[in-house]
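> sequence? don't have it. structure:
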C-alpha cells in the first residue's frame, strides 16, 4: 500500500516540489522527523537543500542546530544547516 499516494489524494495535495527545506526547533522528535524526511526525499528523488533551526531562546538554538547536525550525520549526508532568527 502506497501511503504517499493515499495521503496526496485524500488531502488533494499536488506533488510538485523538487527541492525541500526542513524547518525544526530541536529535540529528539525533530531528529526523528529529519531522518524520516531525509529518507522520504531520497526514496522519492527529492533534493533537501537545507535545514533551518529556530528555538524559544538563544540558548536553545544551538541545541536545535546540533540536533539537525546529528540527524544529518546519522543519515550520512551533508546538508547546509542555517540558524533562524529569534
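Received it, and whenever you're ready, just let me know what you need. Just so you know, these numbers come straight off a predicted model, no measurement behind them.

> not counting residues beside it along the chain, what's closest to residue 20?
Spatial nearest neighbour of residue 20, excluding adjacent residues (CB to CB, 6 or more residues apart in numbering): residue 48 at 4.9 Å. Heads up, the C-betas are built off the backbone N, CA and C, glycines and all.

> now swap in residue 75 and tell me
residue 38 is the one closest to residue 75 (CB to CB, 6+ apart), at 4.7 Å.

> helix or strand: which one has that neighbour?
helix 28-43 (DSSP states H and E).

> about what we covered before: who are the contact partners of the residue nearest to residue 75?
When contacts are counted by CB atoms under 8 Å, 6 or more residues apart in numbering, residue 38 touches 48, 71-72, 75, 77, 79.

> just among those residues, which is most surrounded?
Within these, most neighbours by other CB atoms under 10 Å means residue 71, with 24 neighbours.

> that one: helix or strand, and which one exactly?
Per DSSP H and E, residue 71 falls inside helix 58-75.

> run the chain-centre distance for the following helix or strand past that helix.
Of the helices and strands lying after helix 58-75 in sequence (DSSP H and E), the nearest is strand 81-83. On the basis of CA atoms, centre = their mean, to the nearest Å, strand 81-83 sits 12 Å off its chain's mean C-alpha point.
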